[in-house]
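>>> Following is a predicted model, sequence given first.
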Amino acid sequence: MQKSQTLLNDEVFLQGVRLLADRDEHLAEVVNTYGRPPLWVREPGFPTLVYIILEQQVSLASAKAAFDRLQAAVKPLTPRGFLKLNDVELLRIGFSRQKTLYTRLLAESLARRHFDLRYLHDLPDDSAHKMLVAFKGIGRWTADIYLLSALRRPDIWPTGDLALATAVQEVKRLGKRPSPEKLETLSAPWRPWRAVAARLFWHAYLCKRGLKSSTVSL
């Protein structure tokens, strides 16, 4: 099966940034003020998906600390290795009871070869998204972030991301933070480069708060 579309690399990403800056004066302002954003990519596979699960509804810093502890406890971080950890160990690492359940279900499916994350690489965005959210505990946001950062799809738009919503409000000078439904509507002019637009908005969000976006993993 052939890949459904071009993946983001440095060259394609730069093309997307230029096109969006030409198309949208507010995104052009982001580039002129803060420079080009990082591409922000992650390695596809089980560790990255676990990391994104840890990021659900917590700060990036606390998720990173928990993931660092997990990597120190399980070397290499594989589904079978993860399944050797008991509830107490996972709680100490930083897993809630729910996240322990979600990650175990994922690890069991991968360890038993009921599912292979490599299947996602050749699927269109919608099909890959549906396959991910079929797992308990992997919702729309988690699937979006995995497709955007690990599979480097160019048109993923994570409407459930609060930092993105806040950044869109600030960059577009809106009266209030847009709802997920409003974010979806607003994103229409940025197709098929919405994952590039998301990185531009996150870049503005971090820089405005004095954070170095080049050192942050999204």
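That came through fine. Residues are numbered from 1 along each chain as shown.

>>> tell me the secondary structure for the spatially most central residue of the chain?
Geometric centre of the chain, nearest residue: residue 145, 2.1 Å, by CA atoms, centre = their mean. Following DSSP: H, G, I helix; E, B strand; the rest coil, the label given to residue 145 is helix.

>>> With adjacent residues omitted, what lies nearest to it?
residue 52 (5.1 Å; CB to CB, 6 or more residues apart in numbering). Any C-beta I mention is one placed from the backbone N, CA and C, and that applies to glycine too.

>>> again, but for residue 74
Closest residue to residue 74 apart from its sequence neighbours, by CB to CB, 6+ apart: residue 81 at 4.3 Å.

>>> Kindly provide the distance from the closest residue to residue 194 other than its chain neighbours to residue 49.
Of all residues not flanking residue 194 in the chain, residue 157 sits nearest, at 3.9 Å (CB to CB, 6+ apart). Distance, residue 157 to residue 49, by CB to CB, to the nearest Å: 19 Å.

>>> and residue 83, how many neighbours?
Per other CB atoms under 10 Å, the neighbour tally for residue 83 reads 15.

>>> Which residues are in contact with the residue nearest to it when sequence neighbours are not counted?
What sits nearest to residue 83 in space, not counting adjacent residues and going by CB to CB, 6+ apart, is residue 107, at 5.2 Å. Contact analysis of residue 107 by CB atoms under 8 Å, 6 or more residues apart in numbering lists 46, 79-80, 82-83.

>>> Tell me the pLDDT of residue 107.
Note on residue 107: pLDDT of 98.

>>> helix/strand/coil for it?
Three-state assignment for residue 107 (three-state DSSP): helix.

>>> ok, the residue nearest to residue 194 - how many residues close by?
Other residues lying near residue 157 total 21 when counted by other CB under 10 Å.

>>> before we move on, the earlier item: hmm, the residue nearest to the centre of the chain is touching residue 159, no?
No: if you go by CB atoms under 8 Å, residue 145 and residue 159 don't touch, sitting 11.7 Å apart.

>>> circling back: for the residue nearest to residue 83, give its distance to residue 6.
Counting by CB to CB - residue 107 and residue 6 are separated by 31 Å.

>>> so who does residue 106 touch?
Neighbour list for residue 106: 46, 49-50, 53, 79, 135, 137-138 [criterion: CB under 8 Å, 6+ apart].

>>> tell me the secondary structure for residue 114?
Assigned by three-state DSSP, the conformation of residue 114 is coil.

>>> For the closest residue to residue 100 other than its chain neighbours, what is the enclosing helix or strand?
Distances taken as CB to CB, 6+ apart place residue 90 nearest to residue 100, at 4.8 Å, with adjacent residues excluded. Per DSSP states H and E, residue 90 falls inside helix 87-93.

>>> tell me which residues in that helix are buried?
Residues 90, 93 are the ones in helix 87-93 that count as buried (16 or more other CB atoms under 10 Å).

>>> I'd like to know which elements it is packed against.
Secondary-structure packing of helix 87-93 (3 or more CB pairs under 8 Å, 6 or more residues apart in numbering; DSSP states H and E): helix 60-73, helix 97-111.
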